[in-house]
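Student: Based on what follows, work out the 3D shape:
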Amino acid sequence: GGLDCPEYLTSCSTFTLGQFGGHCGRALRAGDVLALADSEPTGLTALPAELKPTIGKTWKLHVTYGPHGAPDYFTGEDIDTFFASDWEIHYNSSRTGVRLIGPKPEWARSDGGEAGMHPSNIHDNAYAVGTVDFTGDMPVILGPDGPSLGGFVCPVTVISADLWKLGQLKAGDKVKFVPVSQDQAVALREALDESVATLTAATAHIKPIKPTTPILDSLSVNEHETGVVYRAAGDNYVLVEYGPMELDIRLRFRAHALMLWLRDQDHDAILELTPGIRSLQVHYDSQKLCQRTLLDLLISAEKELEKQPEWDVPARIVQLPLSWDDEACQTAIAKYMQSVRKDAPWCPSNLEFIRRINGLDSIDEVKKTLFEASYLVMGLGDVYLGAPVATPLDPRHRLVTTKYNPARTWTAENSVGIGGAYLCIYGMEGPGGYQFVGRTLQMWNRYRTTDFFEPGKPWLLRFFDQVRFYEVSAEELQQIRRDFPNGDYPIKVEETRFNLKDYEQFLANNDDEIQTFTAKRKQAFDEELQRWIESGQINFSSEAPIEDTGEDDIANLPAGQHAVESHVAGNLWECLVKPGDTIDAQRPVAVIESMKMEIELLSPVTGRVVDVRREAGQAVSPGTPVVIVEEITE
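Tutor: Predicted coordinates:
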């Protein structure tokens, strides 16, 4: 605050991954000139010492249980272990998400079904800020720059009063999660707001609780056509889920109808509505609207929606270019193999993995299926910036895969991938888990208004759009990507409508072929899962221990030799020297990757490299010797 920066979508905050907001949409650099915002002078006020938080290496984060838990997704023992454990902050953390190192769940399910092979996979739903998201077996606390939609289970959510702590966590710190009730979470937020407003101490008395269920309320199939479950997602969110855990476009219509109904109510405490595949997340202000009152409102809405005679929505058919197996996708796979998991079943070729897990005879069959499909957009903001999550209207075109475990740390902007039964177009550069098929044009236009990007709405696609791809070369796509944001590349968009009754008739008419295709796909899926079990890959551990080479005793180095040590927990991204090299003092010898930063290790002396103790890709901790340099004296 306090700086004169232009607003972007009503905010002045910098979103570095999206390259907008703040000062030039990027991190500050030496030499930048920052203008102060116009403001009236105020008196100097000092923060009382008792209000200054203790910044140490151990933290307690208060959370509410949910939206997902036992026994649907986790075992009861998983949840007990989660709360009992001290979790270590992973070096690969940022405002996007804070990765955690700790015990792996046993899981209540063997797989995620149509959502993916791993039991952490679910049909995409909205994420609350501060939710703990299990991307495979690795939990991540989603931060303010995290995705708004995704397909992984979330057992707890950090309460709003403790979100400030996420910005203080650093690699190697330890965190314990403390469950609290909704009433306690609201009281803690009220006390925090009072402290900030008055600069006086305000406390809320917290008694430990044992969480029992993340489900707040429900309507059974005897009370409702599909059944509804209402799940807690922190103190300011409720996740509304329809029907069984399966891909059913009818359930997406249910969520859409509830979203429109709530918009019509125009309640000032309801802040945002985000639909998923079979769900709607309601973001509300719990200081203005109590959770029980909101639940009563949501339940009453279902009685009103029963009167809706027919499910029919406006839609568009949008034709998009696709560079098949684009070089940017290949680069992302190579980076993943180097720094995350080199022997994953989907490496080195995601396309071969898609072929194998779907029981197809060739990669050409994968390609043919993708280009023949019409993908229905069911959600937006899946991995950021208007990124669509879509599924083929014709079930015979549904290629099912599992998502990366652990997730990638880098994905090129507008890469196209498949995860579970869903296709996603990545709105921007960032992490990801969908299996690559290619790359397309921009889903988000940061600053320009064109025929396809309306004023104030910089995203390309809408709910219930139908996306169809046509092939272009990698070189053609590069030119298209230069032209499209400027309005110089036209795409074909056809207005239409999507009627649920007509669609269900189409499914009925083709039921035999659909069942045959689905059975063949499931057999291949089960065979792949069995291979994972037999090879041990189903139990992959995302954290290799830091190896003790037996050579790390630097106290007994010969006179004149110096160890260049890592100062942080991280990953050795690159070693810049080899034994025998000469190096000047204060010159870099290696690069450590930590907290989304590249940190150079500098030689303390002018000398000759006599030993390299770590290789690229290995984990390091504070004090780990990476290079040994022998000083050269005149």
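
Student: ok, and the closest non-adjacent residue to Gly487?
Tutor: Thr450 (3.6 Å; CB to CB, 6 or more residues apart in numbering). Yep, even glycine has a C-beta here, placed from its N, CA and C like the rest.

Student: no wait, Tyr375
Tutor: Nearest to Tyr375 is Ala390, by CB to CB, 6+ apart, at 3.8 Å.

Student: does the one you found sit in a helix or strand, and which one?
Tutor: strand 388-392 (DSSP states H and E).

Student: Who does that strand pair with, and is each partner parallel or antiparallel?
Tutor: When pairing is defined by DSSP bridges, strand 388-392 lines up against strand 375-380 (antiparallel), strand 422-425 (antiparallel).

Student: Tell me where the stretch 351-500 of the chain has strands.
Tutor: 375-380, 388-392, 408-411, 415-419, 422-425, 430-432, 435-439, 466-472, 493-499 (DSSP state E, counting those that start in this stretch).

Student: Give me the residues contacting the last one.
Tutor: Spelled out, that is strand 493-499. 310-319, 376, 452, 464, 466 (CB atoms under 8 Å, 6 or more residues apart in numbering).

Student: May I have the strands that pair with it, each with its orientation?
Tutor: By DSSP bridges, strand 493-499 pairs with strand 312-324 (antiparallel).

Student: what residue ranges in this protein are flagged as low confidence?
Tutor: 1, 309, 538-553, 595-597, 634 (pLDDT under 70).

Student: quick one: contacts for the residue nearest the centre of it?
Tutor: The geometric centre of the chain, computed from its C-alpha atoms, lies nearest to Pro147 (CA atoms, centre = their mean), at 4.7 Å. Counting by CB under 8 Å, 6+ apart, Pro147 makes contact with 127, 381-384.

Student: in what helix or strand does it lie?
Tutor: Counting by DSSP H and E, Pro147 is part of no helix or strand.

Student: Against Arg439, how distant is it?
Tutor: 19 Å (CB to CB, to the nearest Å).

Student: next one: Asn556
Tutor: 53 Å.

Student: between the two, who's got more neighbours?
Tutor: Arg439 (27 against 6; other CB atoms under 10 Å).

Student: wait, isn't that one in contact with Asp325?
Tutor: No: counting by CB atoms under 8 Å, Arg439 does not reach Asp325; the two are 9.1 Å apart.

Student: shared neighbours, these two?
Tutor: With CB under 8 Å, 6+ apart, Arg439 and Asp325 have no common neighbours.

Student: before we move on, back to that, show me what the residue nearest to Tyr375 is bridged to.
Tutor: The partner residues for Ala390, given DSSP bridges, come to Val377, Leu423.

Student: one step back: distance to Arg608 added to the strands of the stretch 351-500 of the chain, as TSV?
Tutor: Below are the strands of the stretch 351-500 of the chain laid out as TSV (distance: least, CB to CB, whole Å):
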stretch	distance to Arg608
strand 375-380	57
strand 388-392	55
strand 408-411	34
strand 415-419	44
strand 422-425	50
strand 430-432	40
strand 435-439	44
strand 466-472	52
strand 493-499	64
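
Student: Determine which stretch of those is the most buried.
Tutor: Mean neighbour count (mean count of other CB atoms under 10 Å) peaks for strand 422-425 among the strands of the stretch 351-500 of the chain, with a mean of 29.

Student: Go ahead and name everything in contact with that strand.
Tutor: Contacts for strand 422-425 (CB under 8 Å, 6+ apart): 124, 151, 277, 375, 378, 382-383, 387-392, 414-418, 432, 434, 437, 440, 443, 467.

Student: Show me the longest helix that occurs in the protein.
Tutor: helix 511-535 (DSSP state H).

Student: burial count for the closest residue to Tyr73 other than its chain neighbours?
Tutor: Nearest non-adjacent residue to Tyr73, counting by CB to CB, 6+ apart: Val153, 4.7 Å away. Other residues lying near Val153 total 28 when counted by other CB under 10 Å.

Student: Can you show me the helices along this protein?
Tutor: Counting by DSSP H, the helices of the chain are 76-84, 182-198, 249-265, 291-305, 327-339, 350-357, 363-372, 474-483, 500-509, 511-535.

Student: Which of those sits closest to Ala616?
Tutor: helix 327-339 (7.1 Å; CB to CB).

Student: Can you give me the buried ones in the closest one?
Tutor: In terms of neighbour count (16 or more other CB atoms under 10 Å), helix 327-339 has its buried residues at 328-329, 332-333, 336, 339.

Student: Name all residues that make contact with Ser160.
Tutor: 130, 185, 189, 234-236, 286.

Student: Kindly state the domain boundaries assigned to this protein.
Tutor: 1-40, 56-308, 314-539, 561-631 (automatic domain parsing).

Student: just to revisit the earlier point, by how many degrees do the strand holding Ala390 and strand 415-419 diverge?
Tutor: Using axes from the mean of the first three to the mean of the last three CA atoms, to 10 degrees, the inter-axis angle of strand 388-392 relative to strand 415-419 is 60 degrees.

Student: quick one, strand 388-392 and strand 466-472 angle?
Tutor: Going by the same axes, to 10 degrees, strand 388-392 makes 90 degrees with strand 466-472.
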